[in-house]
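*Asks:* next comes the sequence, and after it the predicted model I'd like to discuss.
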Amino acid sequence: MQFHVIGRRSPYVLLGAVVTALLLLVPGGASGSPSPAAKIHDPPRKTIVRVSGDAANGFGIHYFDGTSDFPPTDSEALAECTEYDEQVDRVKCRTQVRTWYYDLADMHQTIHYYKALLEEATD
């Protein structure tokens, strides 16, 4: 399985889409009153709905369609970087791995935060 490095801002863009989708799923949506003509659409199948775990023990990435990905732990991913012949490639690999796990940790915290806000709003 190939994982790509996510830019520092892209998790927030994705999170905005997730929050918007969740607001649309709540009766009344963001407007507070249900519209009889409003049609609720499911988000794209690969929309991330939950990130569990941490870098040291491994992350779980859970999608709207019920599937999950479990990338290697940070130490396993960094160990794979040593297999590159050139030092520049090893450094590039380690930087990509660190960025990937920082972004996953940020996304995990952000999803938790917005789910808590959504729960408060629906109580």
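*Replies:* Noted; the coordinates are in hand. Numbering: from 1, shown residues only.
*Asks:* C-alpha from now on. contacts and neighbour counts both.
*Replies:* Will do.
*Asks:* does anything pack onto the longest helix anywhere in the chain? Which helices or strands?
*Replies:* When the chain is scanned for its longest helix (criterion: DSSP state H), the result is helix 87-122. In terms of contact count using 3 or more Cα pairs under 8 Å, 6 or more residues apart in numbering; DSSP states H and E, helix 87-122 is assigned the packing partners helix 10-25, strand 48-54, helix 74-81.
*Asks:* which stretch in the ones you listed is the model least sure about?
*Replies:* Least confident of those, judged by mean pLDDT, is helix 10-25 with a mean of 57.
*Asks:* measure residue 71 to residue 94 for me?
*Replies:* In this structure, residue 71 and residue 94 are separated by 15 Å, where distance is defined by Cα to Cα, to the nearest Å.
*Asks:* to clarify, my last question referred to residue 63.
*Replies:* Residue 63 sits 26 Å away from residue 94, going by Cα to Cα.
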